[in-house]
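> Everything below, folded, please.
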Amino acid sequence: MKKIIPALTVAFASASILAACGSNTDSSTSDDKKTEIYTSTFATAAIAREIGGNQVNVKMIVPPGADPHSYEPTSKQLTEIAKGDLFLLTGTTLEPYSKKIQESLKGTDVRFVETSKDVTLLESDATLHAHEEEGHTEDEHAHEEAGHDDHATDEHAHEEEEHDHGKYDPHVWLDPVNAKAMARSITVALSKEVPKDKATFEKNLKAFDQQADALDKEFKQAVADGSKKELLVTHAAYGYLAERYGFTQLPIAGISPSDEPSQKQLAALVKEARMHDLKYVAFEETVSPKVARVIQKEIGAKSVTIHNLESVTKSQQNSSYFKLMEENVQTLEQALQ
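Residues are numbered from 1 along each chain as shown. The predicted model follows:
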């Protein structure tokens, strides 16, 4: 997080200038202007497009393929955000930089909205923690505790405060029921921003809810029809999906794809995959699959594609939330057979 401080300083100055300039904008021209929305994840951007329709212009600040867990906005992006109307956050631990952005943009008209405020957050996947415990002996724990001096402890505590790694699973949108709650939050925010279009936003929300309900039924059917209840995945992004539909994710990496497993954790995961006779590994296009390829080869599994919707490839930028989630239904149908 240290790298963002100079950028924020520059952005603050730029934002202040923009705020002053923006206050002189003629209200007659603002009526024809689309509401400018910025988001940190593809899922939030996609849901905002569904609700806002032609009345909004949605931009995702994280580039295609980049990891939102570790991404830091540039000074140029912060200057652009200062000219916007809304910044849609998930409101979880996915955006550790959000507080500093809000502080840097004080004095502007940008409103920050936590879209997951009505969602019950899940703590980090229990299965992942179980693998972590299997990967450490009591002697190793004792060694780790003895090996930390006060400086290291303070540094670790500072990092936890900055990043809050692993406390909550931020991938709330992968549960269609949670996506409905996010859509409601976005509808309320847009209705406050553009009251004259409230009826349109609410109409779009109703259509979104209907599609989400249909998607919910498809996921239930896919899991019910499967002979297995375990999904081997690239990283621990699917806790909400697993919790909702009654299967277990077996993640190779942690909540953040950069949290790679130890050799003992890998061995435990391979053992469990063989125990359940798993035939597939679910890969994500935006996550480096090196360790996952090792496991795939070790157990002789086939690969299937699954979307975490926090980040997408360049060719998927204009895809809809429902298109990619429908593809996830098909993946579950295949991987759980």
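> CA atoms for contacts and neighbours, from now on please.
Will do.
> buried stuff in stretch 64-84?
64, 67-69, 71-75, 78-84 (16 or more other Cα atoms under 10 Å).
> how far does that stretch sit from the chain's center?
On the basis of Cα atoms, centre = their mean, to the nearest Å, stretch 64-84 is displaced by 15 Å from the centre of the chain it belongs to.
> which strands and helices sit next to the helix or strand where Val291 lies?
Following DSSP states H and E, one finds Val291 within helix 290-299. Using 3 or more Cα pairs under 8 Å, 6 or more residues apart in numbering; DSSP states H and E as the contact test, the elements touching helix 290-299 are helix 263-275, strand 280-283.
> looking at those, which is closest to Pro257?
strand 280-283 (11.6 Å; Cα to Cα).
> Just the CA coordinates for that closest one, please, in CSV.
Extracted C-alpha coordinates of strand 280-283, given in CSV (Å, rounded to 0.1, in the frame of the first residue of the first chain):
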residue,chain,number,x,y,z
TYR,A,280,-11.9,-32.1,-13.2
VAL,A,281,-10.0,-29.0,-12.1
ALA,A,282,-11.8,-25.7,-12.6
PHE,A,283,-9.4,-23.1,-14.0
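> quick one, which of the helices and strands packed on helix 290-299 is nearest to Phe208?
Here strand 280-283 is closest among those (Cα to Cα), at 27.0 Å.
> Residue ranges in the protein under the pLDDT threshold?
For the chain, residues meeting the criterion pLDDT under 70 lie at 1-32, 92-94, 125-166, 288.
> the helices in it, which residues?
4-22, 27-30, 42-52, 75-82, 98-104, 126-134, 138-147, 150-163, 176-193, 198-225, 239-245, 263-275, 290-299, 321-335 (DSSP state H).
> Check the offset of the last one from the chain's centre.
Average the C-alpha atoms of helix 321-335, do the same for its chain, and the two points are 17 Å apart (Cα atoms, centre = their mean).
> So which elements touch it?
In terms of contacts (3+ Cα pairs under 8 Å, 6+ apart), helix 321-335 is packed against helix 42-52, helix 198-225, strand 280-283, strand 302-305.
> Pull out the buried positions in that helix.
Tyr321, Phe322, Leu324, Met325, Asn328, Val329, Gln330, Thr331, Leu332, Glu333, Ala335.
> Contact partners for the third one?
So that's Leu324. By Cα atoms under 8 Å, 6 or more residues apart in numbering, Leu324 lies in contact with His307, Leu309.
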